[in-house]
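**Student:** have a look at this prediction, sequence included:
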Amino acid sequence: MEYSQTFSHLHAIPFIPVKKKLLLMGIMLLLWVYMLYSCVGYCATVPSVIDSYRVRETESAGRRTESARADLVSKLIPKTQSWVDLESDYDEPSVRTPSRDLLDNEVDSDRAGDWDEMKDEQRGPEASAMSSFSNGSGSKKLPQAIIIGVKKGGTRALLEFLRVHPDIRAVGAEPHFFDRHYDKGLDWYRELMPRTLEGQITMEKTPSYFVTREAPARIYAMSRDTKLIVVVRDPVTRAVSDYTQTLSKKPDIPTFESLTFRNRSVGLIDTSWSAVQIGIYAKHLDNWLRFFPLRQMLFVSGERLISDPAGELARVQDFLGLKRIVTDKHFYFNQTKGFPCLKKAEGSSKPHCLGKTKGRTHPGIQPQVLQRLRQFYRPFNMKFYQMTGHNFGWN
Ligand SMILES: Nc1ncnc2c1ncn2[C@@H]1O[C@H](COP(=O)(O)OS(=O)(=O)O)[C@@H](OP(=O)(O)O)[C@H]1O
């Protein structure tokens, strides 16, 4: 008993401060927890080191994606090209061979003509991208379909006719992204596009893509699902049209006849002249088929686009998965112009024909020169019909 009293006494004294200490520590702990808890909400709104690290990571990941895409493109572009020479005087008509141009910008489409078509729009690709949806509704998207060629094929007419469709929005000017401005990046390209709503298709046309070696790999890297449209025209008439355009800008150039031949006495065609080279469609198509299946490409007849615009437009609308809204009701034949025109252009109630640079009068060319050119193109045309499964009837 004595022992227990002494014991309880001895141990009771130090127990009181320990309890107090524990109580104090408990309160402090509660205070800490409370402070920590209330700080979480606040701290979350303050950019943390982790956040800025994440931003840096995301940015560098973005750059890595960009450089990965560049890597992919360089890997995708074939180093060598195999092509069966179809005519003995056909001297390596590779799309890699620099073409002999009469003007620095000869491979350009008819810019003056394109401006004509955009009279009602604000000029320049950026401006025209604004015109369709200037109220800011919708968003800018990369094109799902591109008219990639051919120069002087009737590409402007096709785009203008397609723009009548409410589910198509197109940039007016030629962006030339996949041939000239690729280094500006996809964001730059997207910015040029008009705003579109859900279900609408974004389009552009740049006819020089068809003969640009890097274009297929670059478009594939943007989206392997891109639909490609090529307006083709008899390569002989196309060459004359091309020459006519150059002549209109530079009246002092040599005659068509002298430019056509490398050696006239033996009838050797100069395939390094771009007006001739562009028309070797089978050769250029070969380059596209390395990346895109044929079913993803549509070949529009430039001739039928004039003789039966509604018929060709029906094919294009089907290909794009759209309702056939642009029909024969939209066209009339303008006797003065000598071409089909729109009864109402996009966003207007007035009739609309293409500008004066579309449908120019061609100069007279010596029949034997045209004959020799026809003969030159024949095997390539046959090959092209075979590849596309479509006889365009250029004979
Ligand atoms: N409806 C209509 N109105 C006027 N012109 C028409 C039309 N449909 C097709 N074409 C033909 O289009 C040819 C010009 O082709 P492009 O627009 O592809 O030329 S460009 O590459 O953009 O410069 C142009 O070539 P040229 O006749 O040699 O001027 C026309 O023949």
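**Tutor:** Happy to help now that I have it. Numbers count the residues shown, from 1 in each chain.
**Student:** which residues touch residue 232?
**Tutor:** Taking Cβ atoms under 8 Å, 6 or more residues apart in numbering, we find residue 232 in contact with 149, 150, 153, 281, 299, 300, 301, 302, 384, 392. C-beta: built from backbone N, CA, C; applies to glycine.
**Student:** among those, which are within reach of the ligand?
**Tutor:** residue 153 (Cβ under 6 Å from any ligand atom).
**Student:** and which of the contacts of residue 232 is nearest to the ligand?
**Tutor:** Proximity of the contacts of residue 232 to the ligand was ranked by Cβ to the nearest ligand atom; the top entry is residue 153 with 4.7 Å.
**Student:** ok so that closest one is a strand residue?
**Tutor:** No. Read with DSSP: H, G, I helix; E, B strand; the rest coil, residue 153 is coil and lies in no strand.
**Student:** around the ligand, pick out the residues from the stretch 201-350 of the chain.
**Tutor:** Residues of the stretch 201-350 of the chain lying near the ligand (Cβ under 6 Å from any ligand atom): 207, 241, 244, 305, 306, 339, 340.
**Student:** still on that earlier bit, let's have the contacts of residue 232 in TSV, adding secondary structure.
**Tutor:** Supplementary listing: the contacts of residue 232 in TSV, determined by three-state DSSP:
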residue	secondary structure
149	strand
150	coil
153	coil
281	helix
299	strand
300	strand
301	strand
302	helix
384	helix
392	coil
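**Student:** quick one on the thing from earlier: can you flag which of the residues of the stretch 201-350 of the chain next to the ligand belong to helices?
**Tutor:** 241, 244, 305, 306 (DSSP state H).
**Student:** where does residue 262 fall, secondary structure wise?
**Tutor:** Using DSSP states H and E, residue 262 sits within strand 261-263.
**Student:** what's next to that strand, contact-wise?
**Tutor:** 267, 268, 269, 270, 272.
**Student:** in that strand, what's buried?
**Tutor:** Neighbour-count burial for strand 261-263 flags 261, 262 (criterion: 16 or more other Cβ atoms under 10 Å).
**Student:** which other helices and strands does the helix or strand following it contact?
**Tutor:** Following strand 261-263 in sequence order, the next helix or strand is strand 268-269 (DSSP H and E). Contact partners of strand 268-269 among helices and strands, from 3 or more Cβ pairs under 8 Å, 6 or more residues apart in numbering; DSSP states H and E: strand 261-263, helix 367-388.
**Student:** quick check: mean pLDDT of strand 268-269?
**Tutor:** Computed over strand 268-269, the mean pLDDT rounds to 98.
**Student:** one more: stretch 158-168?
**Tutor:** Here the average pLDDT along stretch 158-168 is 98.
**Student:** same check on stretch 387-395?
**Tutor:** For stretch 387-395, the mean pLDDT works out to 96.
**Student:** tell me which residues are up against it.
**Tutor:** 232, 234-236, 282, 285-286, 289, 294, 299, 301, 303, 374, 377-378, 381, 384-385.
**Student:** try 7 Å
**Tutor:** 232, 234, 235, 282, 285, 299, 301, 381, 385 (Cβ atoms under 7 Å, 6 or more residues apart in numbering).
**Student:** then stretch 158-166?
**Tutor:** Contacts of stretch 158-166 (Cβ under 7 Å, 6+ apart): 117, 147, 168, 170, 203, 205, 231, 300, 305, 309, 313, 316-317, 322, 325-326, 330, 342, 346, 354.
**Student:** ok, 8 Å please
**Tutor:** Counting by Cβ under 8 Å, 6+ apart, 117, 147, 168-170, 200, 203, 205, 229, 231, 300, 305, 309, 312-313, 316-317, 322, 325-326, 330-331, 342, 344-346, 352, 354 sit against stretch 158-166.
**Student:** what about that stretch, start to end distance?
**Tutor:** Start and end residues of stretch 158-166 are separated by 15 Å (Cα to Cα, to the nearest Å).
**Student:** going forward, the N-terminal residue is numbered 54.
**Tutor:** Okay, residue one is now 54; in that scheme the one you just asked about reads as stretch 211-219.
**Student:** mind listing what's buried along it?
**Tutor:** 211, 212, 213, 214, 215, 216, 217, 218.
**Student:** mind putting those residues into TSV with secondary structure?
**Tutor:** Output for those, formatted as TSV (three-state DSSP):
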residue	secondary structure
211	helix
212	helix
213	helix
214	helix
215	helix
216	coil
217	coil
218	coil
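**Student:** for the residues you listed, which one is nearest residue 411?
**Tutor:** residue 213 (9.4 Å; Cβ to Cβ).
**Student:** how much space between that closest one and residue 300?
**Tutor:** 24 Å (Cβ to Cβ, to the nearest Å).
**Student:** swap in residue 210?
**Tutor:** In terms of Cβ to Cβ, residue 210 sits 21 Å off from residue 300.
**Student:** neighbour count for the two, which is higher?
**Tutor:** residue 210 (25 against 17; other Cβ atoms under 10 Å).
**Student:** immediately after the host helix or strand of the more buried one, which helix or strand?
**Tutor:** Element membership of residue 210 [criterion: DSSP H and E] is helix 208-215. Where DSSP H and E defines the elements, the next helix or strand beyond helix 208-215 is strand 221-223.
**Student:** immediately after that following strand, which helix or strand?
**Tutor:** That would be, after strand 221-223 and using DSSP H and E, helix 239-245.
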